[in-house]
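J.: Attaching a predicted model along with its sequence, questions to come.
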Amino acid sequence: MSGEDLQVQAALDPHFLEVLGGFAVLEGEAGFPAGTRTLLMIGPKEPGFWPHLQEQPEWGGPDAVDRWSRRVIGRLACELGAKALFPFGGPPYHPFYTWALRTGRIWESPVKLLVHATQGLMVSFRGALALPQAMAMPAVAAQPCGACAKPCQTACPAAALTTAGYDVPRCHSHLDQPAGSDCLTGGCLVRSPCPAGAGYARMPSQSACHMRHFHP
């Protein structure tokens, strides 16, 4: 890693965040803050992210995760001379899905959810840093789905999330039933069996929290 790379990760470490991928931005490219040369995508670093978040002043209030992300990543951006961008707060929304595909470390899975080289289908973003300098990028990784048995294709107990797409009403209907309790308390059952994320220590309570926001 270069000195600048180490500076960015050192700034993220106390907040249990990490660079999940990045890419070079062309001079004058539309959709980015003026002068952006590098975009780094930022997400939770495990183990430790969820317990750390629960100790923060935003915890217990409305939109705690998003408000914490704005405060922490916004402050880091100022310290690094960058601009902070977030996947929430719209419309309009920044195209985080499209950006992720440019990193060489995140791909579209067989069920269309994003899959990360080390976080698998558990990948999530808390923000992005648009930097004015060119930087070395995290190493491009091998796409994990090619040699995979693809358990994600058949893991949804309601057959709401498959290679055919995502049937959102069918998903919500399943979550309303007793049979949906495992999804509500442990997170989406399509994400958890992904072999690429087998070593990623995301806590079930974090997934359950996100599920409660998705299906109040």
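T.: Nice, thanks for sending it over.

J.: so how far is stretch 77-87 off the chain centroid?
T.: The chain centroid and the centroid of stretch 77-87 are separated by 17 Å under C-alpha atoms, centre = their mean, to the nearest Å.

J.: Stretch 158-166 now?
T.: Average the C-alpha atoms of stretch 158-166, do the same for its chain, and the two points are 21 Å apart (C-alpha atoms, centre = their mean).

J.: can you pull the contacts of Ala100?
T.: Listed by C-beta atoms under 8 Å, 6 or more residues apart in numbering, the contact set of Ala100 reads 20-21, 41, 106, 114, 123, 125. Any C-beta I mention is one placed from the backbone N, CA and C, and that applies to glycine too.

J.: hang on, Cys78 is in a helix, isn't it?
T.: Yes: with DSSP: H, G, I helix; E, B strand; the rest coil as the criterion, Cys78 is assigned to a helix.

J.: Just the local confidence number for it, please.
T.: According to the predicted model, the pLDDT of Cys78 comes to 97.

J.: Same check on Pro138?
T.: What the model reports as pLDDT for Pro138 is 81.

J.: And it, how close does it get to Val19?
T.: Computed as C-beta to C-beta, to the nearest Å, the Pro138 to Val19 distance reads 6 Å.

J.: What of Met135?
T.: With distances defined as C-beta to C-beta, the gap from Met135 to Val19 amounts to 10 Å.

J.: Pull the contacting residues for Lys60.
T.: In this structure residue 60 is Gly, not Lys. Applying C-beta under 8 Å, 6+ apart, one finds that Gly60 lies in contact with no residue.

J.: how's the chain carved up into domains?
T.: The chain breaks down into these structural domains: 3-131, 151-214 (assignment by automatic domain parsing).

J.: I'd like those domains as JSON lines, with distance to Cys145 appended.
T.: Converted to JSON lines, the domains of the chain look like this (distance: least, C-beta to C-beta, whole Å):
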{"stretch": "domain 3-131", "distance to Cys145": "6"}
{"stretch": "domain 151-214", "distance to Cys145": "8"}
